[in-house]
Each structure stands twice: as C-alpha cells, then as structure tokens.
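Enquirer: Quick one, fold the following:
(chains A, B and C)
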Amino acid sequence: MSETKLQPLAVAQHETEYRPGRIFVATLKRELQLALRRRSDLVNPLIFFLMVATLFPLGVSPEPTILMTLAPGVVWVAALLSTLLAMDGLFRSDYEDGSLEQILLSPQPLFIVVLGKVIAHWMITGLPLTLMAPLIAVMLFLPAEGMSGLVLSLLIGTPTLSLVGAIGAALTVGLRKGGVLISLLVLPLYIPVLIFGTAAVDAAVTGLPLAGHLALLGALLALGVALAPIAIAAALRISVSG
Amino acid sequence: MADPLLQVVDLFCERDDRVLFEHLSFNVFPGEILQVEGQNGSGKTTLLRILSGLSRHYEGDILWRGTSVTDSADVFRRELLYFGHQAGVKAVLTPEENLAWYAALDSGIDLKQIPKALHAVGLTGFEDVPCHMLSAGQNRRVSLARLYISRAPLWILDEPFTAIDKKGVATKEALLLEHASRGGTVLLTTHHELDLSRHVRRINLDELSGT
Amino acid sequence: MAGKNWMPRWFYQLASPRWCYQITGKLLPGFVVATLLLITIGTVWGLAFAPQDYQQGNSFRIIYLHVPAAYMAQSIYMTMALAGAIGLIWKMKVADMVAKSCAPIGASLAVLALATGAIWGKPTWGSYWVWDARLTSMLILLFLYLGIIALNSAIESESTAAQSTAVLALVGLVNIPIIKYSVDWWNTLHQPATFKITERPAMPPDMWIPLLILVIGFYCFFAVTLMMRLRNEIIRRERRAGWVRELLMQQRG
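Expert: The predicted model follows:
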C-alpha cells in the first residue's frame, strides 16, 4: 500500500478554469445516453400523446367539421399534457441515486448543467412530439394549410414548456407524491404558451400571417431560457437542502 | 501549527423541534482525520451535509481557509469531495461512464486516471458492465474510485465503508491515511471500528445535543 | 453575517418575531376600527345612496364587493411574492410567515371576486359564467394561489416549504403580466366587443367615492387578517421560546 496511487492535491487557489461549453456538452451527452438506454421513457409520452388525441373524436364527435375546429387546441393540449407527464422524471432519478447532490456540489455553474438537462429533455420529449404532431393533426382533419403553423409553433413552444415544467419538477423533487402536485404548479404557467400556440395554428389555417404569433412564442422562449434556469437551480438547492 | 482549513463557529441546528447540536465549534487542520460519532439520529449525516453545503438549515458560521463558505462557495466546492448515503452512481451507465461524468463535473480530474482508479477499487473487468448488473458493494466502489482521481483536499465521507468487504475497508483506511499524510483532510462517519484510531480525532455529537 | 449592515435598523427589528408580535399587537386595534368604519361607510353609501346605473340598474352595486376583492387578490399576491423574496434573500423568518399567511387570504378573496363576478354575470350577460378576460385572469390567479398552498402543505420542513413557495411565488409574479396580456389578447381574438363590466369610462363621484372607500377598507381588512394570522403563526413557531411562555402565563393570570 505504500506506492502513491493518489493524484496530487489541487494547488490552493485554483488553477482549474471554467469551461461552461464543456460541461454543457457533457450534460447533454450524458442525458441522451441515459435516455437511449431506457427507451420506454422515450416512447411513453408519445403513446400518451396519441391516446389523449384519440379520446376527442370518441368523446366529442367523429364529424370532420367539428374535429377540424377543435384540432389546433386538442393537439396543443395533448402535447402540453405529454410534456408534463415526462417532467416528473427529469430530476427524480438523479435525486434518488445521489447524482443530484454531486451536481449541486460541483464547482460547475449549476444553471448550465440545468439548461443542458432541460434541453436534452426537450430533445427526447418535445422534439419527437413536434414531429409526431402532423400525424395526429391529420387524424383530426386539421387542414393542410395549418400544418406549418402547428409544427413551427410546437417547435418554438415546447422548449418553453420544458423550461417552465422543470421549475415544477425541481420544486417537487424531494416529495414522494410529486406527480400530481407538479401539474397543479405548472399548468397555470403553461397558459400563455397554449394561447399563443393555438392562435398560431388558427392563423395558419385561415391563411393569416404567422410571424407575429411565432415571434411572441419566441419571446416567451427567450425569457424562459434567461430566467428559468436560475429558478430551477434555486429550487433544486432548496429541495435537496430539505 | 498551520492555519485551520475548516473552521466551524457556534453551529446550531434543529430538526423537527429537536436541537441536534448547539454551540458546536471546532477547527480542522491539514493532515487531520476527523471522525464524527454519535447514536442514530444524533445528526451525523446532517452535520456532514451542512459542512458540505448541501443543507442550509443551520445557524452559525463555517469558514474555509478563513472565508465564509457561503461567500466563496465556488472556491470551496472546487476543493471538496463529498460521498453521501446514495452512491451517486447511475445504474444504466457503466463504471467508466459514471467516472467520466464526475470528471466533467470536476475539471481537476484527469480522464486518463480512470482505468487506474477502477483497478485500485477492484473493478478491473467491469469497466463496460452497466452498474445495475453490479452488486451493492461494487456500486459503492465505483463511487469510492473518485477518491483516487480527485485532487480535492477536503474529503467528507458519510458511511463510506457500508457494503464494502473487510479487505476493501483495509485498503480504504490506508487510502485515508495517505490522503492525510499529503496534507489532505478527511471528515467521516462510520460504524466500522477503524484500525487507524490513533490517527483519528473524534467529535461526539451525543455530548452536544440539547433538549 | 457579512454584507447586511447597510440595511436600516427597523429592518432587523422586523426580523425578530417577538418585536413583530408586539408591534402588530399595538397596531391591530387601530386597523380593526379603521376597517369597520371604512367598510360600513362604503357599504351603506354604495348600496343605499349611490345612484343607479343607467344601463344595469341596481345590479351594478355588486361592484362594491367585486372590485375591491379583485384588487386585493392581486395586491396580496404581490405582497406574498415580495415577502417570499425577502425571506429567501435575507433568511428572515418573519417574512416567511407573512408570505405563508398571505396565501389563504388571497385565495379566499380571489374566490370572492370570482363568485361576485359570476353573480353579476347573470343579470348582465344572462349566464353565470362567461369567458371574460378579467374573470379568466382571476381564475388563473386563483390557480396560482392553489398551487402555492398545495406546495406549502406538501413539504414537511417549514423552512424548506417557505423557500420553495417563495420561488414559486416569484415565478408566478414574473408570469402574471404575461398571463394577463395573453388572456386579454385571447379574449379579443375570440369574442370581440363584449360588454366589459368593470371598464366604465365616466363614473360620477357619487359612484366611485364609496368604491374608493371600500377599496381602502379592504386593504385595512387585509392588514387585520394578515396581522392576526401572522401573530398566530409567530406564537405557534416560537412556542418553545421563553417570551411566548411568559406571555401565556400572563394571559392565564
């Protein structure tokens, strides 16, 4: 045991430098790797999305004219609920196996790690939902003119949903019954995105210009990227501290 | 004697209307191994979580190299290695990938040292096996491998020997001594009888608890 | 702790639950009297002496309950978020208690605003619920309150609960203007040119003065309920402190 296996101690006062880009890429890579090894997490929100959308023709009416007017809202609400469903797991597994503590104690800026996690989460939920949305829109007889509006609005809107939802996930991560609570906390905050998102689809269907709606969704996204990681980081420190 | 690395001044903490400790003050110097003792529920884990900066439910001051840890959290975190109840090992990742993630979190870690560290904790041959296929003890070892690659001077270890076999414990004890002899500091809790008792200073929380 | 010294002295005194309990004890009677006076005067004036509305007749008089309640529901949210932020930044226990005491008061006033809005809706629109922009915003505000109350009661540790709800309240505070704007916008998009119940360009002084009195009265009412809840909360949390025991001994005689 006398041979030195240990690394030399860090010289006091820190030659280590910040490389935010590196930790961001590393987080993204890790999260995607984790998701790919647990495929069911990847597929479940998509199945849920399809099922919720199926309920409406069954519950309301299979009449194309009725479904046509409902379609933008139904697709958006279903997408919103699917994102929410996947949200609870965002920090939970890290919390349970102790990885979250290690992330909080690392010298890396927490909001960058958090942003990386949320973006990775969006890539495995929001993005597939966006890509799947036209399929559901066709089943609900959304006119072809509305497709571009639907895909674009979801593309810009779902990242905001992930960012806001992550605040709820961070606040409830220490609680056993976080699942229902997170919906209560987050759904009211989702309303602006829902309003502008469905309005964008409606505009596309009626042939009105889209740019204004998409710009509003973009503004919400910009605000979310700037502020949500700070709130998420603060919420995580509080939850783990408790 | 050199300046203390860590100073704890008049620490107070209560949990569920029970005072765990009050007026708790002590200094930790470079090269020291400090064992926190106490019965179950005496607040050992709570104390270590407070000292590491995870828990903020306390009153009092904690100074690292003379400045408050809340003011210089970044500096402190760069010099801290914390080992908690949960190993912090992702079950679907391999030991190598787990350690690579730690290297990303702590830029002081050299990636090239990872195979050596896994060898040192006896996980050679398991580098590419997902951790959920390893035993509980092996999972703890994956996390303990961090001790070999980290350059942090302060180690805070909460029950590091749980689920580790006798031989493993002996190796780890030698490791702690080595860390202390190079100027590092260890704060730990453990239920194991340590062989290195004469090198260890003890703090007993039972004597400090209030009503 | 370092960096705190630039705050004025009264700010620290507020941080002491004992001082806070004593000062609210002194202020409380005055506010109770003011509340009773203002609300009585405002109500009698508004219901009995203010002129009828030329369009709605007497049914408009519910405005004297609806508008103050709606104002208060919004102001209380601001107070709560502000108190939460103070508690979060300066670790001030009293601020946490203020924030916690605000939530149920705000939620009940939001319910009152919604209920009076619905009752008013029946004679005005012919149905109890219309997706009017203001009512919808109020409903969402109620949801925000309910979320905060739910989170607060789900977390066992008191200080963690206070900090978590403070973060949520601040997130909600940032969102409220966005929600309000989006709901207004959604409303004009779907039902243009409906009759807005609370937007009346020219109210005669006989109508708005009692309204103003009632709004101030409701503020005082909020102050009274907040102080009463706060005092309860202080006593409950400080029950093991020496001064609380002395106080209880004195009261028992």
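
Enquirer: For the residue nearest the centre of chain C, which non-adjacent residue is closest in space?
Expert: Nearest residue to the geometric centre of chain C (C-alpha atoms, centre = their mean): C:Ile76, 3.0 Å. Distances taken as C-beta to C-beta, 6 or more residues apart in numbering or on different chains place C:Gly106 nearest to C:Ile76, at 3.6 Å, with adjacent residues excluded. Backbone N, C-alpha and C define where each C-beta goes, glycine included.

Enquirer: repeat for A:Gly149
Expert: Leaving aside its sequence neighbours, A:Gly149 sits nearest to A:Ala204 (C-beta to C-beta, 6+ apart; 2.5 Å).

Enquirer: How is whichever residue of chain B sits closest to chain C assigned, secondary-structure-wise?
Expert: Closest contact between chain B and chain C, by C-beta to the nearest C-beta, is at B:His57 (5.9 Å). Under DSSP: H, G, I helix; E, B strand; the rest coil, the three-state class of B:His57 is coil.

Enquirer: And it, how far from A:Ile238?
Expert: 11 Å (C-beta to C-beta, to the nearest Å).

Enquirer: circling back to that earlier point, what pLDDT is listed against the residue nearest to A:Gly149?
Expert: A:Ala204 is assigned a pLDDT of 94 by the prediction.

Enquirer: Contacts only, for it.
Expert: A:145-150, A:210 (C-beta atoms under 8 Å, 6 or more residues apart in numbering or on different chains).

Enquirer: OK, contacts around the residue in chain A that chain B sits nearest to?
Expert: Nearest to chain B, among the residues of chain A, is A:Gly98, at 2.8 Å (C-beta to the nearest C-beta). Neighbour list for A:Gly98: B:84-89 [criterion: C-beta under 8 Å, 6+ apart].

Enquirer: ok, now A:Ile119?
Expert: By C-beta under 8 Å, 6+ apart, the neighbours of A:Ile119 are A:28, A:159, A:162.

Enquirer: Same question for the helix or strand the last one falls within: list its buried residues.
Expert: Using DSSP states H and E, A:Ser162 sits in helix A:146-172. By neighbour count, and taking 16 or more other C-beta atoms under 10 Å in any protein chain shown as the criterion, the buried residues in helix A:146-172 are A:146-147, A:149-172.

Enquirer: pretty sure the residue of chain B closest to chain C is in contact with C:Ala161, am I right?
Expert: No - using C-beta atoms under 8 Å as the test, B:His57 is too far from C:Ala161 to be in contact (11.9 Å).

Enquirer: which bits of chain A sit near chain B?
Expert: Residues of chain A lying close to chain B (C-beta under 8 Å from any C-beta of the partner chain) are A:1, A:4-10, A:12, A:14, A:16-17, A:19, A:22-23, A:26-27, A:30, A:33-34, A:37-38, A:93, A:96-99, A:101-108, A:113, A:237, A:240-242.

Enquirer: Please tabulate the contacts of A:Ala204 in CSV and include pLDDT and distance to C:Tyr181 as additional columns.
Expert: Output for those, formatted as CSV (pLDDT from 0 to 100; distance: C-beta to C-beta, whole Å):
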residue, pLDDT, distance to C:Tyr181
A:Glu145, 92, 27
A:Gly146, 92, 24
A:Met147, 94, 28
A:Ser148, 92, 25
A:Gly149, 94, 21
A:Leu150, 96, 23
A:Leu210, 91, 19
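
Enquirer: Could you pull up phi and psi at residue 208?
Expert: You didn't say which chain, so I picked chain A. With angles defined as degrees, to the nearest 10, A:Leu208 sits at phi -80, psi 160.

Enquirer: Could you count how many residues lie near it?
Expert: Neighbourhood size, A:Leu208 [other C-beta atoms under 10 Å in any protein chain shown]: 13.

Enquirer: before we move on, what about B:Ala120?
Expert: Here the number of neighbours of B:Ala120 (other C-beta under 10 Å) works out to 20.

Enquirer: mind checking pLDDT for it?
Expert: pLDDT, read off for B:Ala120, is 88.

Enquirer: one step back: wait, which of the contacts of A:Ile119 is closest to B:Ser107?
Expert: Using C-beta to C-beta, A:Leu28 is the member of those that lies nearest B:Ser107, at 16.9 Å.

Enquirer: List the buried residues for the helix or strand hosting the closest one?
Expert: Applying DSSP H and E as the criterion places A:Leu28 in helix A:20-37. For helix A:20-37, burial by neighbour count (16+ other C-beta under 10 Å) applies to A:23-24, A:26-31, A:34-35.

Enquirer: Check stretch B:47-67 too.
Expert: Neighbour-count burial for stretch B:47-67, counted by 16+ other C-beta under 10 Å, picks out B:47-58, B:60-65.

Enquirer: one step back: contacting residues around the residue of chain B closest to chain C?
Expert: If you count contacts by C-beta under 8 Å, 6+ apart, B:His57 has them with A:241-242, B:13, B:15, B:50, C:157, C:159-160.

Enquirer: again with B:Leu194
Expert: Taking C-beta under 8 Å, 6+ apart, we find B:Leu194 in contact with B:35, B:173, B:200.

Enquirer: Restrict the longest helix belonging to chain B to CA atoms and write it as CSV.
Expert: Using DSSP state H to define each element, chain B has its longest helix at helix B:166-181. In CSV, the C-alpha atoms belonging to helix B:166-181 read as follows (Å, rounded to 0.1, in the frame of the first residue of the first chain):
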residue,chain,number,x,y,z
LYS,B,166,-13.1,-6.3,5.1
LYS,B,167,-10.2,-6.2,2.6
GLY,B,168,-11.7,-3.3,0.9
VAL,B,169,-12.1,-1.5,4.2
ALA,B,170,-8.4,-2.0,5.0
THR,B,171,-7.4,-0.6,1.6
LYS,B,172,-9.6,2.4,2.1
GLU,B,173,-8.2,3.1,5.5
ALA,B,174,-4.7,3.1,4.1
LEU,B,175,-6.0,5.5,1.5
LEU,B,176,-7.4,7.9,4.1
LEU,B,177,-4.0,7.8,5.9
GLU,B,178,-2.2,8.5,2.7
HIS,B,179,-4.5,11.4,1.9
ALA,B,180,-3.9,12.9,5.4
SER,B,181,-0.2,12.5,5.0
